[in-house]
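Novice: Sequence plus the predicted model coming up.
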Amino acid sequence: MIGRTIMVALLFGTAALAQPNTTFVPMPPGTTVQKQLVALDGLAHDQWQAVVSKKVAGSGNGREFYQWYLSIYAPRAGAYRIRYQSPRNGGPLERVAQAAGAKMWFPVQDLKLVGAAQLMRKHYEQLIVSSHAMAADCGSATVSVFTTGMAGRAAPAVTVTNPCELRATIVNQPDGPVLELHGPYYAGDAAMCCPTKAKATAVLSYRHGKWSETPNYFKVEGGTAGR
């Protein structure tokens with residue numbers, strides 16, 4: 001039995017051995033779209049869980065408009081208890097609002113969990129999230145990396161933004177995982193219709209205590225140091 005347990009751990013990692021209580025306090029708003037386990041407290045501890053959900057904000061002209069939510073829970077006292085929720089506690093999501101005199105709600109949103117990776121420190125994972133919001137033109141895209149902040153709560157470690165589109169992929173390198181960022185590159189004087197480089201790729205990494213992007217195509221903003 002011990003040998004079999006070890007084999008399961010080797011094949012599937014710590015997530016296979018984790019037996020998370022699926023009681024969420026409070027429950028995610030609306031309909032659940034996606035879930036992701038993430039070892040924000042370290043691989044030796046119980047995993048946190050991120051939940052993407054959405055709730056109808058209104059409807060008009062045969063179309064439904066949604067408020068999206070990102071809820072990040074920590075295993076505490078026999079249940080998953082909320083430690084961060086967007087938009088309530090901040091980004092990457094915004095609160096949608098009805099347009100004046102119209103049955104439309106903006107910004108139009110979506111959000112996706114990219115995955116979990118040890119970007120900042122061995123044995124501690126961070127949560128990677130991509131989102132998009134549009135009120136006019138092509139909107140704005142954001143990649144957010146969450147870690148643990150003050151008082152054991154989740155907080156953004158770094159955010160990367162770009163007009164129109166921005167995608168992230170976790171890539172393993174010899175000195176540790178990094179994020180590959182993909183999207184159009186706009187120089188300072190470029191119009192939204194005409195990117196300077198339509199398909200640009202940059203690498204976001206955390207080395208020697210700081211975040212760096214190579215080449216510097218997209219806007220990077222630091223958050224909490226975390227772990």
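Specialist: On my side now, so go ahead. Note that the coordinates shown come from a computational prediction; the quantities given were computed from them, not determined experimentally.

Novice: only C-alpha atoms for contact and neighbour calcs from this point on.
Specialist: OK.

Novice: Apart from its chain neighbours, what residue comes closest to Y80?
Specialist: Counting by CA to CA, 6 or more residues apart in numbering, the nearest residue to Y80 once its immediate chain neighbours are dropped is F24, at 4.8 Å.

Novice: measure that neighbour to A50 for me?
Specialist: Separation of F24 from A50 (CA to CA, to the nearest Å): 11 Å.

Novice: Ok, A198 next?
Specialist: 32 Å.

Novice: Those two: who's more crowded?
Specialist: When A198 is set against A50 and neighbours are counted by other CA atoms under 10 Å, the residue ahead is A50, at 26 against 11.

Novice: Regarding the more buried one, what is its secondary structure?
Specialist: strand (DSSP: H, G, I helix; E, B strand; the rest coil).

Novice: Contacts only, for the most centrally placed residue in the chain.
Specialist: The chain has V129 as the residue nearest its centroid, 1.7 Å off, counting by CA atoms, centre = their mean. Going by CA atoms under 8 Å, 6 or more residues apart in numbering, V129 touches 111-115, 143-145.

Novice: cool, and G58?
Specialist: For G58, the set of contacting residues under the criterion of CA under 8 Å, 6+ apart consists of 64-66, 103-105.

Novice: What's opposite it in the beta bridge?
Specialist: Beta-bridge pairing of G58, defined through DSSP bridges, involves F65.

Novice: So the residue nearest to Y80 sits against G78, correct?
Specialist: No: counting by CA atoms under 8 Å, F24 stays clear of G78, with 9.9 Å between them.

Novice: Out of the two, name the residue with the larger neighbour count.
Specialist: Each of F24 and G78 has its neighbours counted (other CA under 10 Å); F24 has more, 18 against 11.

Novice: Looking at that one now. What's its pLDDT?
Specialist: Residue-level confidence at F24 comes out at 97, pLDDT.

Novice: and what of A191?
Specialist: Reading off the per-residue confidence, A191 sits at a pLDDT of 89.

Novice: Quick check: which element contains it?
Specialist: Assignment of secondary structure by DSSP states H and E places A191 within no helix or strand.
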